[in-house]
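Asks: Curious how this folds, go ahead:
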Amino acid sequence: MADMLVAQRQALLIRELEAAGVLRVTELATRLGVSRDTIRRDLLDLQAAGRVTRVRGGALLAGQEPAPAAEPASAPAGNSPVPSGQTLGLLVPATDYYYPRVVAGVRAVAERRGVRLVIGLTDYARPRDLEQVRELGMAGATGLLVVTAETVHLPAASLERLQAGGLPFILVERRPKDVFAVCEYVISHHQQGASTAVRHFAELGHRRVGLFTNGSPTAPLVHEGYADAVRHLGLDPAPVLDSGHPRADATRLYDRFIADCRVSGTLAALVHSDHDAIQLMQRMRTQGLRPPDDLALIAYDDEISALADVPLTAVAPPKQELGELAAQLLLERLEATDPRSVPVRQLTLQPRLVIRASCGAAGHD
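Replies: Numbering: from 1, shown residues only. Predicted coordinates:
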């Protein structure tokens with residue numbers, strides 16, 4: 001994304017601020033993959049245009065008051081009153097991609113209901129799930145919303161450790177490996193999202209649909225939905241490639257995937273994630289290729305798809321709604337006179353397909 005146009009980057013800045021309320025310069029720089037100086041220049045331009053208000057270390061949309069920031073898990077309890085007496089603890093593995101909108105959903109519910117929110121950060125590379133759960137409890141959390149850094153299917157041992165902590169909890173974008181485990185969760189149906197993308201390509205006349213994934217915890221679910229749709233529709237074999245890690249330098253693999261598609265006659269591909277789809281598109285451009293004519297693309301995640309050179313059709317998981325529902329369910333359980341009377345809820349939300357230019361659908365620029 002280093003060569004992203006200024007107008008595209010500034011539009012993305014506005015979108016991120018709309019979702020999160022206020023963000024630090026360092027967070028914005030990480031999300032967009034540019035330097036902090038670049039972000040500062042963009043914020044100066046946007047402030048001069050009356051679009052944002054710069055605050056110490058970051059910015060918010062013009063005309064908004066800074067919302068009370070979610071406290072880190074290590075922060076001591078504040079002196080401000082908490083009307084409901086509840087504190088939501090939120091564990092997430094990252095704040096620079098995918099989860100900012102989930103956090104925004106949780107935060108919106110917390111603000112509406114007058115409850116305190118504390119956040120703990122684990123890490124995909126060096127998971128600190130249990131340590132952060134303990135710190136959230138020490139910070140006063142009365143209930144937990146948990147996105148582990150592990151696989152999306154939580155092992156029995158990890159589930160038992162969460163249950164042994166004694167705090168009510170809801171898994172977010174995670175579910176127990178044991179499908180019959182008594183555990184509440186709210187998840188996106190990523191298999192269905194991937195299947196929808198493949199079916200859309202098939203409706204456009206494609207008999208071969210490739211798949212590129214980036215090694216994230218979501219990637220196996222995307223692959224599962226893709227494979228089911230290919231099998232059910234009777235499509236012909238097409239290239240399937242995974243980069244192994246979301247932050248890997250996949251330039252060589254992008255080139256290999258493009259070459260495999262051309263050799264096999266594959267003219268359509270589902271790419272997880274947006275970042276990978278945009279980078280793949282840039283590699284296509286260096287070879288004189290362009291979507292959708294040479295390779296039609298659908299991205300998976302819809303974080304920045306609309307800002308690509310050729311706007312990307314994308315599968316969009318309902319991230320903010322997912323955060324809102326998870327927070328609401330947890331508060332219902334925490335505030336119930338008899339929590340045992342509340343049924344165990346397991347919610348699955350369907351992603352939607354947002355049609356833009358890159359897939360070649362008629363009537364879209």
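Asks: Would you indicate which residues of stretch 145-163 are buried?
Replies: Judged by neighbour count using 16 or more other CB atoms under 10 Å, the buried positions of stretch 145-163 are Leu145, Val146, Val147, Thr148, Ala149, Glu150, Val152, Leu154, Ser158, Leu159, Leu162. (C-beta placed from N, C-alpha, C; glycine too.)
Asks: Then stretch 250-268?
Replies: Neighbour-count burial for stretch 250-268 flags Ala250, Leu253, Tyr254, Phe257, Ile258, Asp260, Cys261, Thr266, Leu267, Ala268 (criterion: 16+ other CB under 10 Å).
Asks: Out of those residues, which sit inside strands?
Replies: When DSSP state E defines the strands, the subset of the buried residues of stretch 250-268 inside them is Ala268.
Asks: ok, so of the buried residues of stretch 250-268, who is nearest Thr95?
Replies: Comparing these against Thr95 with CB to CB picks out Ala250 as the nearest, at 22.4 Å.
Asks: What segments of the stretch 1-150 of the chain are strands?
Replies: Applying DSSP state E, counting those that start in this stretch to the stretch 1-150 of the chain gives strands spanning 22-24, 52-55, 58-61, 71-72, 87-92, 116-121, 143-146.
Asks: Could I get the average pLDDT for the first one?
Replies: Strand 22-24 shows a mean pLDDT of 72 in the predicted model.
Asks: The last one now?
Replies: Throughout strand 143-146, pLDDT has a mean value of 96.
Asks: next one: the helix or strand just after that strand to chain centre, how far?
Replies: The first helix or strand that comes after strand 143-146 along the chain, using DSSP states H and E, is strand 153-154. What separates the centre of strand 153-154 from the centre of its chain is 18 Å, taken as CA atoms, centre = their mean, to the nearest Å.
Asks: before we move on, what about stretch 97-105?
Replies: With CA atoms, centre = their mean as the basis, stretch 97-105 stands 7 Å off its chain's centre.
Asks: ok, residues contacting that stretch?
Replies: 16, 19-21, 31, 70, 90, 92-93, 95, 119, 147, 172-173, 246, 273, 275, 301, 303, 319-327 (CB atoms under 8 Å, 6 or more residues apart in numbering).
Asks: So among these, which ones count as buried?
Replies: Among the contacts of stretch 97-105, those buried by neighbour count (16+ other CB under 10 Å) are 16, 19-21, 31, 70, 90, 92-93, 95, 119, 147, 172-173, 246, 273, 275, 301, 303, 319-320, 322-327.
Asks: Now, these that are in helices?
Replies: Applying DSSP state H to the buried ones among the contacts of stretch 97-105, the entries found in helices are 16, 19-20, 31, 275, 319-320, 322-327.
Asks: Settle this for me: Asp242 is touching Gly210, isn't it.
Replies: No: Asp242 is not in contact with Gly210 according to CB atoms under 8 Å; the separation is 12.0 Å.
Asks: Which of these two has more residues huddled nearby?
Replies: With neighbours defined as other CB atoms under 10 Å, Asp242 and Gly210 compare such that Gly210 has more, 25 against 19.
Asks: which stretches of the stretch 201-350 of the chain form strands?
Replies: In the stretch 201-350 of the chain, the strands defined using DSSP E, counting those that start in this stretch lie at 210-213, 240-242, 268-272, 296-300, 313-316, 346-349.
Asks: quick one: Val240 from Gly137, how far?
Replies: Remark: distance between Val240 and Gly137 (CB to CB, to the nearest Å) = 42 Å.
Asks: swap in Leu289?
Replies: Using CB to CB, Leu289 is found at 53 Å from Gly137.
Asks: Who has more neighbours out of these two?
Replies: For Leu289 versus Gly137, the count of surrounding residues by other CB under 10 Å is larger for Gly137: 19 against 15.
Asks: about what we covered before: compare the strands of the stretch 1-150 of the chain and say which comes out lowest on pLDDT.
Replies: Note on the strands of the stretch 1-150 of the chain: lowest mean pLDDT is at strand 71-72, with a mean of 58.
Asks: Now do the helices in the stretch 51-200 of the chain.
Replies: Secondary structure of the stretch 51-200 of the chain (DSSP state H, counting those that start in this stretch): helices located at 99-113, 129-138, 156-164, 190-203.
Asks: returning to that earlier point: name the nearest of the buried residues of stretch 250-268 relative to His206.
Replies: Distances from His206 to the buried residues of stretch 250-268, taken by CB to CB, are shortest for Ala268, at 4.2 Å.
Asks: wait, the closest one sits on Arg207?
Replies: No: using CB under 8 Å, Ala268 is not in contact with Arg207, being 9.2 Å away.
Asks: what's the domain layout of the protein?
Replies: Annotated domains of the chain cover 6-61, 83-188+318-349, 190-317 [automatic domain parsing].
Asks: Just the terminal-to-terminal distance for the first one.
Replies: Taking CA to CA, to the nearest Å, the span from the opening residue of domain 6-61 to its closing residue is 18 Å.
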